Structures are given as C-alpha cells and as structure tokens.
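S.K.: mind looking at a prediction? Sequence and model below.
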Amino acid sequence: MAESARLHKHYREVVKPKLRTDLGLESDMQVPRISKITVNMGVGEAVADKKVMDAATGDLAKITGQKPSVRKSKKSVATFKIRENQAVGCMVTLRGARMYEFLDRLINVAMPRIRDFRGVNPRSFDGQGSRNRSSSPRSHTTRSTRSVAWT
C-alpha cells in the first residue's frame, strides 16, 4: 500500500478527531473535509499565439503533476477577438493523494515564498467553505491568471 500524503495523515490523526469533539459530531462522516482542488489558468494571449497555450498547459502539468484539460470559449466575443470553441484556458481537478500533496506543497512551500505574505484573507472563503485564490499575472511567464479553488 502506498504511503499517504503527510497532510492527509495529519488530518486523519489530529484534525479530524479534534473537529469531531469540538463540533459535537456523532459520526466521522459528518466532519468537514476537502473533496477536491481545481486549478484554473486563463490564457488570454493564446488567442494571438497558439504556442502560449502549449507553454501554459506544460507549466500547469508541472505544477500539479497531472495533464490539464484545455478549456474552450462557449461563444464569440468580438471585443476580445475570441471565436467560439477557441482555446482560452486550461484546468486540472485534483482529488485524493495528489490533492493532499498539492495542498501540502502550496501551504508549506509556495505561500511562504510570497513576498510580504501575512496569511490567508478570511474573506476569500465563500458561504459553503470554498476558497478561491488568484495569483497576479506578473508571477507567471505567459502573463496568465491562475486560480486555485478547494471545496
């Protein structure tokens, strides 16, 4: 059996029992948990140059360890010079061990390296507990926007 992710092990052994007692839950299935992490990258410059999309999918594959699916536009928008079914971004949905490994690397490696990082803003969570994080276009070579959401 493969060794589980460090963060998942910590969740099972420490966080889950404490949450269960603090919230007064009867069953382990009632304890809140992370079900998936979706990583999206909008690549607006892919309209002009197809190589930008290839570079973005390659970068996202390196970041997540999984091949991203290319997302296409649903309808034409003349202002942005986008046609219907034209590649405009890519996304990856992570579940299970890959999800916990990615979250562990995000929390312990990537976020502490952000300049002037002072923690996660509580307002970035919606009413259902989903969290959206977006990084600025300057942080990526293809000038794209990356957003990470976990539910």
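M.R.: Great, that's in hand. Fair warning: this is a prediction, and the values are worked out from it, not measured in the lab.
S.K.: could you use CA atoms for every contact and neighbour count after this?
M.R.: Fine.
S.K.: and the residue of the chain most remote from its centre, what pLDDT?
M.R.: Distance to the chain centre peaks in the chain at Glu26, reaching 31.1 Å (criterion: CA atoms, centre = their mean). Glu26 is assigned 92 on the pLDDT scale.
S.K.: tell me which residues are up against the helix of greatest length in the chain.
M.R.: Secondary structure of the chain per DSSP state H: the longest helix is helix 50-64. Residues outside helix 50-64 that contact it (CA atoms under 8 Å, 6 or more residues apart in numbering) are 41, 43, 45-46, 66-68, 70, 87-90, 92, 98, 102, 142.
S.K.: tell me the one of those nearest Leu7?
M.R.: Phe102 (9.7 Å; CA to CA).
S.K.: send the alpha carbons of the longest helix of the chain over as PDB?
M.R.: Extracted in PDB, the C-alpha atoms of helix 50-64 (Å, rounded to 0.1, in the frame of the first residue of the first chain):
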ATOM      1  CA  LYS A  50      -1.100  29.000 -30.100                       C
ATOM      2  CA  LYS A  51       2.400  28.300 -28.500                       C
ATOM      3  CA  VAL A  52       1.400  30.200 -25.400                       C
ATOM      4  CA  MET A  53      -1.400  27.700 -24.700                       C
ATOM      5  CA  ASP A  54       1.100  24.800 -25.100                       C
ATOM      6  CA  ALA A  55       3.500  26.500 -22.600                       C
ATOM      7  CA  ALA A  56       0.700  27.200 -20.200                       C
ATOM      8  CA  THR A  57      -0.500  23.600 -20.200                       C
ATOM      9  CA  GLY A  58       3.100  22.400 -19.800                       C
ATOM     10  CA  ASP A  59       3.500  24.700 -16.800                       C
ATOM     11  CA  LEU A  60       0.200  23.600 -15.200                       C
ATOM     12  CA  ALA A  61       1.200  20.000 -15.700                       C
ATOM     13  CA  LYS A  62       4.500  20.600 -13.900                       C
ATOM     14  CA  ILE A  63       2.800  22.500 -11.100                       C
ATOM     15  CA  THR A  64       0.100  19.900 -10.400                       C
END
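S.K.: can you give me the buried ones in it?
M.R.: Val52, Met53, Ala56, Thr57, Asp59, Leu60, Ala61, Thr64 (16 or more other CA atoms under 10 Å).
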